[in-house]
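> okay, sequence plus prediction incoming.
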Amino acid sequence: MIFNNTFNLAKHILKREWKIALIWLVILAGISLAVAGVFQDLYGTAVERIVMAETMSNPAMIAMIGPVYGLDNYTNGVMYAQMMLLFSILAVAAMNIFLVVRHTRKDEESGRIELIRSLPVGRLSYLGGTVIVCLIVNVLLALITGFGLYSLNLESMDFAGSLAYGVALGVSGIFFGAIAALFVQASSTSRGAISYSFIFLGAAYIIRAIGDVSAPALSYISPLGIVLKTETYASNYIWPIIVLITLSAIVFIFAFYLNSIRDLGAGLIAAKPGKSEASKFLQTPFGLSLRLLKGTIIGWAVTMFILGISYGTVFGDIENFLSGSELMQQIFLGNDAFSFAEQFLSTLMVISALLITIPTLIVLLKLRGEEKKGRLENIYAKKVSRNTMLTNYLFLSFVTSILMTILFIFGLWGAAYASMEEPISFMIVFKAGMSYLPAIWLMIAGAVVLISFIPKRTNFIWVLLGAFFYISYIGKIMGIPDSVINATPFGAIPKIPVENLSWIPLVILTAISIVMIVVGFFGYNERDMKQN
């Protein structure tokens, strides 16, 4: 039977996945509950909420977070859902894409599925087991978030609305898990499957943004546009949930069909044949490293540039945006001596630096990924030293941090210049962005130390980055002391232009990074490459 021992494989996958899934669930549900807990006290009167609704009705905000609804009774619950639901769905989508690809195409690349296929299991059992785990994780997310929000006993956040919010997250996760399962069949590599899945997610976001701003029909084409039609805490419509469940089932069935007709290890989209002979540059260790990471770097470069433009458009209506929101004032403001735009810029650059750290770490951690797949052994068998390979990936990581920062700066400043009557000076934006490079470099140094001394725990760097993002983004509204915020690498950087540029923290962070990297080189040369 094609599904023989599917549930046993699901148990096996769940045993491997439960720690990662637990971390995702705690982070996603925890942030949703934490923000909801402090959100309730920010808008005490209906007038304040209506002012905020009008602020959120400008095209730039609609493009970012979705359309405004429930104006006849604009409660805190409605406002919370509008601000949080879409961005939470993006995080849930990422979780499911990584989950499905990790236990399908990635296991296929490593040879694990071929080994399991030698046992009495069905042809579609492994994909079936992954789908079951995906469903379990998303159902748990929906229940934890929905019942958790209701248990807070907050005004205007009733049981129906809270459950609708949680279900919207869970169903969205299942849908993007199905999309990942589909692209796993199309691509012959895990990197390709992840890339295709995130391209689909990005396209869905852009189509929804265009639809919500100027062409409403397009919103019904995008799954993100459809799920926002639930109008959580207001109408709580069920039809968008039914539509997404139906679409998920159709995509899963199609993925199963494609899985049944393709060869193990192959993808339906044939890999492009390479040149018959590699160029001299590709035959060098650096050329090979760059070739492996070229697609990742280009994809993230485009993303950061577009993200900069997206944030830059907000500057044209920044005063209305911030003056109508106590929540945003707590996050972005704090010094009356500077304009709203200048204060917004100073905090926005912290967030951008944290986001830029993601591709920077992905580039460096590719070295560990190649080691786990056993590919470095072939390279080190030749006249290539460990120092050479670590230097290559480290150099590419540093270049990525600088490139992403510059592209974000140009995108942000260009859009702000076009939308503001009195634009902020380019040099101010440039200094504000580039000043965070030492903090990003410290994260790179931390990853080097983990790769060199604790290779099994390299993913801990993502936990640290998540903690820093949480502290920097909502630390103030959660009551985290300034001393704690300033003790983090990103909190220690002067917030230009609100604060004067001080070279001391930049030099200290850079010096610490250099020391950690030197120590990391020593550890990488000494440890056993088979320590997996």
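In hand now; what should we look at?
> number of residues surrounding Ala203?
Residues lying near Ala203 (other C-beta atoms under 10 Å) number 11. Every C-beta, even on glycine, is put in place using the N, C-alpha and C of the backbone.
> try Asn486
Asn486, neighbours per other C-beta under 10 Å, totals 12.
> ok, for it, nearest residue in space, not its chain neighbours?
Ala492 (5.8 Å; C-beta to C-beta, 6 or more residues apart in numbering).
> Three-state assignment for that neighbour, please.
What DSSP: H, G, I helix; E, B strand; the rest coil gives for Ala492 is coil.
> list the buried residues for the helix or strand hosting Leu85?
Leu85 belongs to helix 76-102 when assigned by DSSP states H and E. By 16 or more other C-beta atoms under 10 Å, the buried positions in helix 76-102 come out as 76-86, 88-90, 92-102.
> which strands and helices lie in contact with that helix?
helix 6-39, helix 46-56, helix 59-65, helix 125-151, helix 159-186, helix 190-213, helix 223-228 (3 or more C-beta pairs under 8 Å, 6 or more residues apart in numbering; DSSP states H and E).
> for those, which one sits closest to Thr284?
helix 190-213 (21.4 Å; C-beta to C-beta).
> elements contacting the closest one?
helix 59-65, helix 76-102, helix 105-110, helix 159-186, helix 216-219, helix 223-228, helix 285-314.
> pull out the buried residues from it.
190-198, 200-201, 204-205, 207-213.
> any idea of the angle that helix forms with helix 76-102?
160 degrees (axes from the mean of the first three to the mean of the last three C-alpha atoms, to 10 degrees).
> ok now the helix or strand hosting Ile471, how far from the chain's centre?
Assigned by DSSP H and E, Ile471 belongs to helix 460-474. Using C-alpha atoms, centre = their mean, to the nearest Å, the mean C-alpha position of helix 460-474 is found 12 Å from that of the whole chain.
> now it against helix 6-39, angle please.
Using the same axes, to 10 degrees: helix 460-474 against helix 6-39 is 30 degrees.
> so what's Arg117 closest to, chain neighbours aside?
Leu264 (7.0 Å).
> do Val139 as well
Looking at Val139 with C-beta to C-beta, 6+ apart, the closest residue is Gly170, at 5.9 Å.
> could you do Ser172 as well?
Going by C-beta to C-beta, 6+ apart, Ser172 has Ile89 as its nearest residue, at 4.5 Å.
> check the one you found and give its pLDDT.
Note on Ile89: pLDDT of 94.
> contacts only, for it.
Neighbouring residues of Ile89 by C-beta atoms under 8 Å, 6 or more residues apart in numbering: 168-169, 172-173, 224, 227.
> and of the residues you listed, the nearest to Trp413?
Nearest to Trp413 among these, with distances taken as C-beta to C-beta, is Leu224, at 27.9 Å.
> quick one: contacts of stretch 179-191?
Stretch 179-191 has contacts (C-beta under 8 Å, 6+ apart) with 96-97, 99-102, 104-106, 109, 127, 130-131, 192-197, 200-201, 251-252, 254-255, 258-259, 262, 265-271, 295-296.
> Glu422 and Ile356, how far apart?
To Ile356, Glu422 is 27 Å away according to C-beta to C-beta, to the nearest Å.
> and what of Gly37?
Using C-beta to C-beta, we find Gly37 at a distance of 30 Å from Ile356.
> who's more crowded, the two?
Neighbours per residue (other C-beta under 10 Å) separate Gly37 from Ile356, with Ile356 holding more: 26 against 14.
> right, and the helix or strand after the lowest-mean-pLDDT helix or strand in the chain?
Within the chain, no helix or strand scores below helix 326-332, which has a mean of 55 by mean pLDDT, DSSP states H and E. The helix or strand immediately downstream of helix 326-332 is helix 340-372, counting by DSSP H and E.
> for the helix or strand just after that following helix, packing partners?
Per DSSP H and E, helix 340-372 leads on to helix 375-380 as the next helix or strand towards the C-terminus. Helices and strands touching helix 375-380, by 3+ C-beta pairs under 8 Å, 6+ apart, are helix 386-419.
> run through who's touching the very next helix or strand once past the helix it packs on.
Toward the C-terminal end, the helix or strand that comes next after helix 386-419 (DSSP H and E) is helix 426-434. With contacts defined as C-beta under 8 Å, 6+ apart, helix 426-434 is touched by 342, 345-346, 349, 352-353, 405-406, 408-409, 412-413, 416-417, 495-497, 501.
> CA atoms only for the helix or strand harbouring Met516, dumped as PDB, please.
Here Met516 sits within helix 503-526, counting by DSSP H and E. The C-alpha trace of helix 503-526 is given here as PDB (Å, rounded to 0.1, in the frame of the first residue of the first chain):
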ATOM      1  CA  TRP A 503      32.800  55.500  18.400                       C
ATOM      2  CA  ILE A 504      33.400  53.800  21.700                       C
ATOM      3  CA  PRO A 505      30.600  51.100  21.500                       C
ATOM      4  CA  LEU A 506      31.400  50.500  17.900                       C
ATOM      5  CA  VAL A 507      35.100  49.900  18.500                       C
ATOM      6  CA  ILE A 508      34.300  47.700  21.600                       C
ATOM      7  CA  LEU A 509      31.900  45.500  19.600                       C
ATOM      8  CA  THR A 510      34.300  45.300  16.700                       C
ATOM      9  CA  ALA A 511      37.200  44.400  19.000                       C
ATOM     10  CA  ILE A 512      35.100  41.700  20.700                       C
ATOM     11  CA  SER A 513      34.100  40.300  17.300                       C
ATOM     12  CA  ILE A 514      37.700  40.100  16.200                       C
ATOM     13  CA  VAL A 515      38.800  38.200  19.400                       C
ATOM     14  CA  MET A 516      35.900  35.800  19.100                       C
ATOM     15  CA  ILE A 517      36.700  35.100  15.400                       C
ATOM     16  CA  VAL A 518      40.400  34.500  16.200                       C
ATOM     17  CA  VAL A 519      39.400  32.100  18.900                       C
ATOM     18  CA  GLY A 520      36.900  30.500  16.500                       C
ATOM     19  CA  PHE A 521      39.600  29.900  13.900                       C
ATOM     20  CA  PHE A 522      41.700  28.100  16.500                       C
ATOM     21  CA  GLY A 523      38.800  25.900  17.500                       C
ATOM     22  CA  TYR A 524      37.800  25.100  13.900                       C
ATOM     23  CA  ASN A 525      41.300  23.900  13.200                       C
ATOM     24  CA  GLU A 526      41.500  21.700  16.200                       C
END
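> could you check the angle that helix makes with helix 386-419?
150 degrees.
> any idea how far helix 503-526 is from the chain center?
The answer for helix 503-526 is 27 Å, by C-alpha atoms, centre = their mean.
> same question, stretch 433-443
Centroid separation for stretch 433-443 versus its chain: 19 Å, with C-alpha atoms, centre = their mean.
> how about the CA coordinates for that stretch, as CSV?
Extracted in CSV, the C-alpha atoms of stretch 433-443 (Å, rounded to 0.1, in the frame of the first residue of the first chain):
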residue,chain,number,x,y,z
GLY,A,433,22.2,52.3,9.1
MET,A,434,25.9,51.7,8.9
SER,A,435,26.5,52.2,12.6
TYR,A,436,24.8,48.8,13.3
LEU,A,437,27.3,46.8,11.3
PRO,A,438,29.5,46.1,14.4
ALA,A,439,26.4,44.6,16.2
ILE,A,440,25.8,42.4,13.1
TRP,A,441,29.5,41.4,13.1
LEU,A,442,29.3,40.3,16.7
MET,A,443,26.5,37.9,15.7
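> grab the nearest non-local neighbour of Leu149.
According to C-beta to C-beta, 6+ apart, the nearest residue to Leu149 is Ser162 (3.9 Å).
> let's see the pLDDT reported for that neighbour.
pLDDT for Ser162: 93.
> now for it: which residues touch it?
Contacts for Ser162 (C-beta under 8 Å, 6+ apart) come out as 145-150, 233.
> ChimeraX command for the buried members of these?
To isolate the buried ones among the contacts of Ser162 in ChimeraX, judged by 16+ other C-beta under 10 Å, type:
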select :145,146,148,149,150,233
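> could the contacts of Ser162 go into a markdown table alongside distance to Ala29?
Listed next are those as a markdown table, based on distance: C-beta to C-beta, whole Å:
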| residue | distance to Ala29 |
| --- | --- |
| Thr145 | 5 |
| Gly146 | 10 |
| Phe147 | 10 |
| Gly148 | 6 |
| Leu149 | 9 |
| Tyr150 | 13 |
| Tyr233 | 17 |
